[in-house]
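**Student:** pasted the sequence and its predicted model underneath.
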Amino acid sequence: MRFGVHLSMSEGPSRGAQIGCQALQIFCGNPRAWSKKPLEADEVSAFREGVREAGLDPVVVHATYLINLAAPDQRIWDLSVAAFIEELDRSQTLGAKYYVVHSGSHKGEGEDLGRKRIAEAIKKADRELPKRPEILLENTAGTKNSLGTTWKDLAILLDGAGAGRTGICMDTCHSLAAGYEIRTPDGVRRTLDELEADLGLARLRCLHINDSKGALNSRIDRHDHIGAGAIGAAGFRAFFADSRLWQLPAILETPQDEPDDDHRDLWHAVELACEAGAVSDAVLAGLPTVELEALRDEEIAAAQAAAPKAAKPKSAPRRKPAPARKAAAARVRMARRRTAPKKRKTR
C-alpha cells in the first residue's frame, strides 16, 4: 500500500514529502465555488516537478463540493457537468491519475433519473476529454437521496455510463456507515467478496482511509481520526490485513484539529497497515526520518506566529496520545531509522 493525505495544491508536494506521503490527493481549485481561476504555466510546472521530486504516485484529484451529477434541476446539472469537465481537464494538466467524484443526490426525484443524469455526465466527459484521468465514483454513506451507496448501485452507474477508464474509490467511513462490516476479518472478507460479485475488484482503484464518527449502518458521513472512531485501531488492522487491498493507494481525509494531525494520522495508519502486513519494510525504509515531535513544535510555532496578535486564537482540545503500537510500531520506527515520537504533554 502507498499512503497519502489530502493536501492543498500549492503546498501538497512539499508538505507530502515532509511528512512521509507516497501518494497525494488535492482539489484542483476552490472546492466551494463553480468558477476557478486559470492554472498558470509556472504553477503547473512547479506542481508537477514537486510531485516528481517527492516521488508521489498516484496523484488524485477530488471533485469540488458543489458538483451533483445526479441533480434533477437542469441549471444545477449544467453547472455540475461544466465544472466536472473543467476539473477533469485541469486534473489532466496537473498529471493526475485519478479523479474522484461523489455519485450525487437525486433530491427525491427518483434513482432512475439520477442514474441517467450521472451516465450522461460521464459520457459527455468521455467524448470531450479522451485523455482524461480515470474517473472514480466514491461510495457514499447512505444519506437521504444519495446514490452509489452499495456495490450493486455503483456497478449500475458505471455500466450505465459505458465509458472506459472508470472505477470506484472505497471510503472506509462511508462503507461502515452504509452497513458494510469492515472491522473484523470475516466482515472484511464478506465485504470484498460482495464487491467482487457485484462490481468486480478490478474496478476498485483507490481507498479513502478515514475513521467514522457514526456507527455501523448509521448513514452518518462524518470522518474521525484514525483509531478514534467507530472503526478503531483493531478494525483498521483487520481491514488492512486482506491482501486484496495491498496494491491500492490509500488516501487519508481525516480532520485537522491540530497542526500536526495530518502526519500523526498518516503514521498511525501506516503503523496499523505494517502490523497487518500491507506495507513492506523495504517501502518504509525509504520514507523520511523527520522527528514527528519536532515537526509538530515547528508547525504550532508557525501557526501562533501567523495568528493576529490582538485576538489569541482558541486552540482545539488535545486528543489523548495514541496507545502503544505493539510490535508493528517497533518495525516502523526501525525502518524509518528514528526513535519513537514522544507522547504529547497533557494540559
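**Tutor:** Great, that's in hand. Because the structure is predicted, anything quoted here is derived from the model rather than measured.

**Student:** show me the contacts for the residue nearest to H223 when sequence neighbours are not counted.
**Tutor:** Nearest residue to H223 in three dimensions, chain neighbours excluded: N210, at 4.1 Å (Cβ to Cβ, 6 or more residues apart in numbering). C-beta: built from backbone N, CA, C; applies to glycine. Under the criterion of Cβ atoms under 8 Å, 6 or more residues apart in numbering, the contact partners of N210 comprise 171-173, 223-224, 226, 252-254.

**Student:** take those and keep only those in strands.
**Tutor:** Among the contacts of N210, the members found in strands (DSSP state E) are 171, 223-224, 252.

**Student:** determine which two of these are furthest apart.
**Tutor:** Among the ones in strands among the contacts of N210, the pair separated by the greatest distance (Cβ to Cβ) is D171 and D224, at 12.6 Å.

**Student:** and these two? Which one has more around it.
**Tutor:** D171 (26 against 19; other Cβ atoms under 10 Å).

**Student:** roughly how far apart are the more buried one and I231?
**Tutor:** Counting by Cβ to Cβ, to the nearest Å, the gap from D171 to I231 is 11 Å.

**Student:** give me the common contacts of those two.
**Tutor:** With Cβ under 8 Å, 6+ apart, D171 and I231 have no common neighbours.

**Student:** re the thing from before, now the ones in strands among the contacts of N210 as a markdown table including pLDDT and distance to D42?
**Tutor:** Listed next are these as a markdown table, based on pLDDT from 0 to 100; distance: Cβ to Cβ, whole Å:
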| residue | pLDDT | distance to D42 |
| --- | --- | --- |
| D171 | 98 | 34 |
| H223 | 98 | 34 |
| D224 | 98 | 38 |
| L252 | 98 | 29 |
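
**Student:** could I get those residues in TSV, plus columns for distance to K116?
**Tutor:** Below are the ones in strands among the contacts of N210 laid out as TSV (distance: Cβ to Cβ, whole Å):
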residue	distance to K116
D171	24
H223	30
D224	35
L252	34
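
**Student:** nearest to L157, of these?
**Tutor:** Proximity of those to L157 (Cβ to Cβ) peaks at D171, which lies at 15.6 Å.

**Student:** stretch 210-223: end-to-end distance?
**Tutor:** 6 Å (Cα to Cα, to the nearest Å).

**Student:** ok, and for it, which residues are buried?
**Tutor:** The neighbour-count check on stretch 210-223 (16 or more other Cβ atoms under 10 Å) flags 210-214, 216, 218-223 as buried.

**Student:** what does stretch 151-162 give?
**Tutor:** 151, 153-158, 161.

**Student:** show me those that map onto helices.
**Tutor:** 151, 153-158, 161 (DSSP state H).

**Student:** now, among those, which is nearest to A119?
**Tutor:** A161 (4.6 Å).

**Student:** hang on, that closest one packs against I118?
**Tutor:** Yes - taking Cβ atoms under 8 Å as the definition, A161 is a contact partner of I118 at 7.0 Å.

**Student:** need the overlap of contacts for the two.
**Tutor:** Common neighbours of A161 and I118 (criterion: Cβ under 8 Å, 6+ apart): none identified.

**Student:** which secondary structure state is assigned to D186?
**Tutor:** Assigned by DSSP: H, G, I helix; E, B strand; the rest coil, the conformation of D186 is helix.

**Student:** state the pLDDT value of it.
**Tutor:** If you check D186, the pLDDT there is 98.

**Student:** burial of it, as a residue count?
**Tutor:** D186, neighbours per other Cβ under 10 Å, totals 10.

**Student:** whichever strand or helix holds I168 vs helix 151-161, what angle?
**Tutor:** Per DSSP states H and E, I168 falls inside strand 166-171. Interaxial angle, strand 166-171 versus helix 151-161 (axes from the mean of the first three to the mean of the last three Cα atoms, to 10 degrees): 150 degrees.
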